[in-house]
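Visitor: Just need the structure, nothing else, for what follows:
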Amino acid sequence: MARKRPDCGKCGAHKIILKSGASRCLICHNRRGRDYYQNSALRRGKLREAYVQRKYGLSVASLEKLLRQEGRCAVCSRCWQDCVGAKRVRHEVTFLQYLYVDHDHRTGRVRGLLCNACNTAIGLFEESRHRLESALIYLE
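Guide: Below you'll find the predicted structure:
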């Protein structure tokens, strides 16, 4: 029976021993995961779908339907291609890199899609109608 080496044969880093007795090199394991993510559009799509479902309780298809209805930021009415993308992603360009899913933090209900600037502004006003109205009065 072969003995397990405490060092990785590929990179020389120390391996960790799992509860099952198997050993893993975390550096090589994470590198394989990154390479798989970068080279697989299917994998990126599945992870994005799972994230949106977990966070908002919606599918990406329902968000795309919401985008087709509006096609632009719900506050400033700019088209999503004209908005500044805050999420830096190298692999593909989708509306989710430019528009944020706006939701009520108390109820979790999705209100619409907002550009980064409008989403940040609402967040900085802590979703307070009073503070927003005070800012409008100040600007006038």
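
Visitor: Return the backbone torsion pair for K19.
Guide: phi -60, psi -30 (degrees, to the nearest 10).

Visitor: count of neighbours near it?
Guide: K19: 5 surrounding residues under other CB atoms under 10 Å. The way it works is simple: take the backbone N, C-alpha and C, and place the C-beta from them, glycine included.

Visitor: For A13, see how far away it is.
Guide: Plainly put, K19 is 20 Å away from A13 if you go by CB to CB, to the nearest Å.

Visitor: again with G108
Guide: For G108, the distance to A13 - CB to CB - is 42 Å.

Visitor: chain center to stretch 65-75: distance?
Guide: Offset of stretch 65-75 from its chain centre (CA atoms, centre = their mean, to the nearest Å): 18 Å.

Visitor: all strands in the protein, in order from the N-terminus.
Guide: 16-17, 23-24, 99-103, 110-115 (DSSP state E).

Visitor: Does anything pack onto the second one? Which helices or strands?
Guide: This means strand 23-24. strand 16-17 (3 or more CB pairs under 8 Å, 6 or more residues apart in numbering; DSSP states H and E).

Visitor: Fine by me, thanks again.
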